[in-house]
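1. structure here, sequence nowhere to be found:
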């Protein structure tokens with residue numbers, strides 16, 4: 001019986017890295033036939049998704065113009081099978097002992113979106129390989 005893997009991506013503003021990671025994760029998981037959902041949130045959310053992210057994803061057929069960054073909650077972390085943070089501290093919302101994978105090597109999206117996305121995709125490939133193999137989950 002298949003169980004959905006729920007991946008939560010969290011960055012400071014919930015407007016760029018986590019949004020890109022969730023969108024690309026859903027797309028890559030679908031292409032692999034994996035039962036994976038992905039959500040994004042921020043610890044200090046901006047009022048809107050970064051314009052460069054919206055334009056990039058829109059050019060690929062994904063319209064996020066109506067999506068708004070939201071604050072990560074304890075319920076979000078409790079519902080997640082996997083939690084990925086982009087250098088932000090989740091100790092106030094993640095239950096004690098919950099594993100939070102940190103992807104601190106992703107460059108700022110505002111400085112170089114293609115480079116940031118390339119690093120995110122490398123991480124996603126490994127993460128989805130683990131999901132396919134039934135690897136680390138909580």
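-> The structure has been received and is ready for your questions. Only a predicted model underlies this, so the values are computations on that prediction, with no experimental measurement involved.
2. wait, a helix at residue 7?
-> No: in this structure, residue 7 is strand, not part of a helix, as judged by DSSP: H, G, I helix; E, B strand; the rest coil.
3. partner residues bridging it?
-> Note on residue 7: beta-bridge partners by DSSP bridges are residue 38, residue 82.
4. near it, how many other residues are there?
-> Around residue 7 sit 25 other residues, with neighbours defined as other C-beta atoms under 10 Å. The way it works is simple: take the backbone N, C-alpha and C, and place the C-beta from them, glycine included.
5. enumerate every residue touching it.
-> Residue 7 makes contacts with 22, 25, 36, 37, 38, 39, 80, 81, 82, 83, 84, 127, as judged by C-beta atoms under 8 Å, 6 or more residues apart in numbering.
6. was I right about the fourth one contacting residue 5?
-> This points to residue 37. Yes: between residue 37 and residue 5 a contact is recorded at 7.4 Å, counting by C-beta atoms under 8 Å.
7. between those two, which one's more packed in?
-> residue 5 (23 against 16).
8. and residue 119, how many neighbours does it have?
-> Around residue 119 there are 15 residues (other C-beta under 10 Å).
9. tell me who's in contact with it.
-> Taking C-beta under 8 Å, 6+ apart as the contact definition, residue 119 lies against 103, 105, 106, 107.
10. kindly reformat those as CSV containing distance to residue 114 and pLDDT.
-> CSV is the format used below for the contacts of residue 119 (distance: C-beta to C-beta, whole Å; pLDDT from 0 to 100):
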residue, distance to residue 114, pLDDT
103, 17, 97
105, 15, 97
106, 12, 97
107, 10, 96
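11. report the longest helix in the protein, please.
-> Ranked by number of residues, the top helix in the chain under DSSP state H is helix 113-132.
12. mean confidence for that one?
-> Averaging pLDDT along helix 113-132 gives 95.
13. check which residues of the helix or strand containing residue 55 are buried.
-> Using DSSP states H and E, residue 55 falls within helix 51-59. Buried positions in helix 51-59, judged by neighbour count with 16 or more other C-beta atoms under 10 Å: 53, 54, 56, 57.
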